[in-house]
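[1] would you be able to build a 3D model of this:
(chains A and B)
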Amino acid sequence: MEIKKGIAVSPGIAISKAMVLDAEEYLIPRRSIEISQRMIEVQRARNSFKAAIDELAEVEKKGGDIEEQSIKDIFAVHVRFLKDKALQKKITDLINKDLVTAEYAVSTSLREIAAHFAKVKDSYISERAADIYDIEKRLLKQLLGRKRKDIETLKEEAAVIARELSPTQTAGFNKRFVKGIATDAGGRTSHTAIVARSLGIPAVVALESLSEVVRGGDIIIIDGNHGLVIVNPDYETLSQYHKTAQEFEQLEKKLSELKEKPAVTRDGVRIVLLGNIEFPAEAHMVLDKGGEGIGLYRTEFLYLNRPTEPTEEEHYKAYADTVGVFKNKPVIIRTMDLGADKFTQSKRFVREPNPFLGLRSIRFCLQNLEMFKIQLRAILRASVLGELKVMFPLITNLQELMQTKMILHDVMEDLDEENIPYNRNIEIGIMIETPSAALMASSLARDVDFFSIGTNDLTQYTLAVDRGNELVSTLYSPVDPAVLRLIRTVIQDAHKAQIDLSLCGEMASEPENVMLLLGMGIRTISLTPPMIPEIKQVIRSVTIEDCNRIARKVLTMNTERHISSFLRNATRKILPEAF
Amino acid sequence: MQIKNAEGVHMRPAMQFVDVSNRFKSKITVSNDKTIVDGKSIMQVSMLAAGYGTKLKVKAEGPDAKEAIDALRELVEVKMFGEPPPKGITG
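    The predicted model follows:
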């Protein structure tokens, strides 16, 4: 049994056989097989030789007009290698003797040959190592490509394990059979995370060397609630997890019954629950989970995992599709928030010594107006289709807000001139996620229709802590008294100015924070869709009077430790089943 | 036989070599002073990394052994794999 800790990116528990996906771009890890699997792996290796030869024949046929003799020679050499019985024997012997996968045998054998060439002093011969790597890639492409096809036609349940998953790999995933995903690389906003959440399957990422440890067919537990992956669990762990998975399923079922019920406290105060999404495909899940709209539509996905920046039409389609799902329910689109830890393909991002304090988000947009205007045009055009609102991230001062609004008006004038319809009264809001914006909330409030408090960045900037840095991440807490004081200021200023207010940070997905937030005056919460039912359950179990009492008490406390333990105890008293 | 083309037995010559040896039924081995390899395997022949001037011992055993040796000698020493000798040296 081996336990690996990573980042939980999609909740739930999967217990299943592992299916390992390697990628030809990376070193193939050594993975052993059972004796009974030897023949299968040998056959896979042989098939890959045949298929690679066929592929080359196809290339030669198509490339009939390749005049260059040297290129023809390269292909001819590759074919000779693929037909070389001694090479095939070397690989199948390795599978039989060392009990390793076909991928590993192919990769090590050819790399060994390449290393031999690289050592030769005669430079003309030593450069031939490159040819050997090409042949390795050809074979791996066959072996791995076939496996990818296998996933698309998967007939039994499996947990997919990989170093990292690309869109081509995940495109064929079928929710019925892919029960969970675990990857070595990735973060909360990685492609894997997005796909897993939109499919609603448990996933854990950032597991470092998991894919090297796991063998196809191993039993795997993916705990998407706690960010754990357990390889070949012992009997006790396995039965414990079977029980937990069952309970989780029952809880989900119970919570799904809440879908049609309103989020209202026991003393009748109505709370609005919205969803945070990163991907149009997640919009349906917000509705499924009982969300009443989208409080944060992150638009970074449009820029990521692609070679060029998105066109206006691509922006428009992404927004129009989502608004279409929600009709008259609110959809708040946040303009591009890249920089710091996520980048576009554009070379305009330069390396900065302090990226989180650097040219990111709205600052980047204001220096790249052409790109920014493309997004604004698309948002305005989509605004006639439903309750669309636009929100600007990382505003730090009033001038920035005024400048941003001016650009929005420029784009509106352009649309007027072209007679393109848009909602002239589209609501404009800003994220309050810097201490400066929180402190200046009263003046910012006069120029916007709504605020959304982004507690993730607000916490990081207030406490000067990078939560991704494990050396200091324990200092990161949204219930630190300093952060709570800023949140209180923002709530009071928004109420005074009578503008809408929501909170969209991760702190709202923690049941123990809900009473505090309601007590501080929050009435609209936007959160990750899978958590909507659970938070609704909390809301329906409390009274505003209790919440007010808790908030008053918390705001007299001076240390984070004191506050978090008080909140845990208070929640446990009212909601024993939440823990 | 001696390698006479300037660039030695790199990939293309190795391919020509095994193409010729595979035309014959005889078992063909090639050796330098360190290793003996299968003359029908491009992997093994190319891994000898025989540069200009290297002497290789080619052995054939079987019904068409003589023809095989003649054909290979023709390729290596006369045609020189269709490649030029080093500058300043004529074949």
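[2] going by C-alpha atoms from here, please, whenever you check contacts or count neighbours.
    Will do.
[3] which SS class is residue 17?
    Here I'm looking at chain A. The local conformation at A:K17, judged by DSSP: H, G, I helix; E, B strand; the rest coil, is strand.
[4] so A:G275 sits in a strand?
    Yes - assigned with three-state DSSP, A:G275 falls within a strand.
[5] wait, it touches A:P533, no?
    No - the pair A:G275 / A:P533 is not scored as a contact, 11.1 Å apart, by CA atoms under 8 Å.
[6] what residues does chain B put near chain A?
    B:7-12, B:15, B:41-44, B:47, B:49, B:51 (CA under 8 Å from any CA of the partner chain).
[7] can you map out the strands along chain B?
    In chain B, the segments counted as strands under DSSP state E are B:27-31, B:36-38, B:57-61.
[8] mean neighbour count and mean pLDDT added to the ones you listed, as TSV?
    Conversion of the strands of chain B to TSV gives the following (neighbours: other CA atoms under 10 Å in any protein chain shown; pLDDT from 0 to 100):
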stretch	mean neighbour count	mean pLDDT
strand B:27-31	19	94
strand B:36-38	19	94
strand B:57-61	17	93
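[9] and for residue 62, the neighbour number?
    You didn't say which chain, so I picked chain A. 10 (other CA atoms under 10 Å in any protein chain shown).
[10] wait, chain B was what I had in mind.
    B:G62 sits with 12 neighbouring residues when counted by other CA under 10 Å.
[11] ok, residues contacting whichever helix in chain B runs longest?
    As assigned by DSSP state H, the longest helix anywhere in chain B is helix B:11-21. Identification of contacts with helix B:11-21 by CA atoms under 8 Å, 6 or more residues apart in numbering or on different chains yields A:73-74, A:77, A:80, A:125, A:128, B:28, B:39-42, B:45-46, B:68, B:71-72, B:75-76, B:81.
[12] now the angle between strand B:27-31 and it, please.
    Angle of helix B:11-21 versus strand B:27-31, following axes from the mean of the first three to the mean of the last three CA atoms, to 10 degrees, is 150 degrees.
[13] in PDB, could you pull the C-alpha coordinates for helix B:11-21?
    The C-alpha trace of helix B:11-21 is given here as PDB (Å, rounded to 0.1, in the frame of the first residue of the first chain):
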ATOM      1  CA  MET B  11      22.800   4.700 -41.600                       C
ATOM      2  CA  ARG B  12      22.400   4.700 -45.400                       C
ATOM      3  CA  PRO B  13      25.500   2.500 -46.100                       C
ATOM      4  CA  ALA B  14      24.300   0.200 -43.300                       C
ATOM      5  CA  MET B  15      21.000  -0.100 -45.000                       C
ATOM      6  CA  GLN B  16      22.600  -0.900 -48.300                       C
ATOM      7  CA  PHE B  17      24.800  -3.500 -46.600                       C
ATOM      8  CA  VAL B  18      21.900  -5.300 -45.000                       C
ATOM      9  CA  ASP B  19      19.800  -5.000 -48.200                       C
ATOM     10  CA  VAL B  20      22.500  -6.900 -50.000                       C
ATOM     11  CA  SER B  21      23.100  -9.500 -47.300                       C
END
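[14] out of the strands of chain B, the one nearest A:P529 is which?
    strand B:36-38 (63.9 Å; CA to CA).
[15] neighbouring strands of that closest one in the sheet, and parallel or not?
    Looking at strand B:36-38 with DSSP bridges, its partner strands are strand B:27-31 (antiparallel).
[16] what's in contact with the partner strand?
    The contact list for strand B:27-31 (CA under 8 Å, 6+ apart) reads B:21, B:36-40, B:45, B:56-62, B:65.
[17] out of these, flag the one nearest to A:M507.
    The shortest gap between A:M507 and any of the contacts of strand B:27-31 belongs to B:V45, at 65.6 Å (CA to CA).
[18] residue contacts, that closest one?
    B:V45 is in contact with B:A14, B:V18, B:V30, B:V37, B:D38, B:G39, counting by CA under 8 Å, 6+ apart.
[19] chain B contacts on the stretch 1-150 of chain A?
    Neighbours of chain B within the stretch 1-150 of chain A, by CA under 8 Å from any CA: A:73-74, A:77, A:80-81, A:84-87, A:113, A:116-117, A:120, A:122, A:124-125, A:128.
[20] now A:L527: how far from chain B?
    Going from A:L527 to chain B by CA to the nearest CA, to the nearest Å gives 59 Å.
[21] ignore the last one, A:L439
    A:L439 sits 71 Å away from chain B, going by CA to the nearest CA.
[22] do the same with A:E41
    22 Å.
[23] that residue and A:A102 touch, don't they?
    Yes - judged on CA under 8 Å, A:E41 makes contact with A:A102 at a distance of 5.3 Å.
[24] comparing the two, which residue is more hemmed in?
    Taking neighbours as other CA under 10 Å, A:E41 and A:A102 compare with A:A102 leading, 28 against 21.
[25] chain neighbours aside, what residue packs nearest to residue 28?
    All of this refers to chain A. Computed as CA to CA, 6 or more residues apart in numbering or on different chains, the closest residue to A:I28 that is not its neighbour in sequence is A:Y104, at 5.9 Å.
[26] my bad, the chain I had in mind was chain B
    B:I28 sits nearest to B:A60 (CA to CA, 6+ apart), 4.4 Å away.
[27] my guess is that neighbour contacts B:E67. True?
    No - counting by CA under 8 Å, B:A60 sits too far from B:E67 to count as a contact (9.3 Å).
[28] can you give me the distance of B:G82 to chain A?
    From B:G82 over to chain A the distance is 13 Å, taken as CA to the nearest CA.
[29] picking that back up, ok, which pair from the residues of chain B next to chain A is furthest apart?
    Going by CA to CA, the pair spanning the residues of chain B next to chain A furthest: B:E7 and B:S41, at 19.9 Å.
[30] the more surrounded of the two?
    Higher neighbour count among B:E7 and B:S41: B:S41, with 26 against 19, using other CA under 10 Å.
[31] re the thing from before, roughly how far does the residue nearest to B:I28 sit from B:F24?
    9 Å (CA to CA, to the nearest Å).
[32] what do you get for A:L255?
    Distance of A:L255 to B:F24, computed by CA to CA: 76 Å.
[33] what of A:I294?
    In this view, A:I294 and B:F24 are 74 Å apart by CA to CA.
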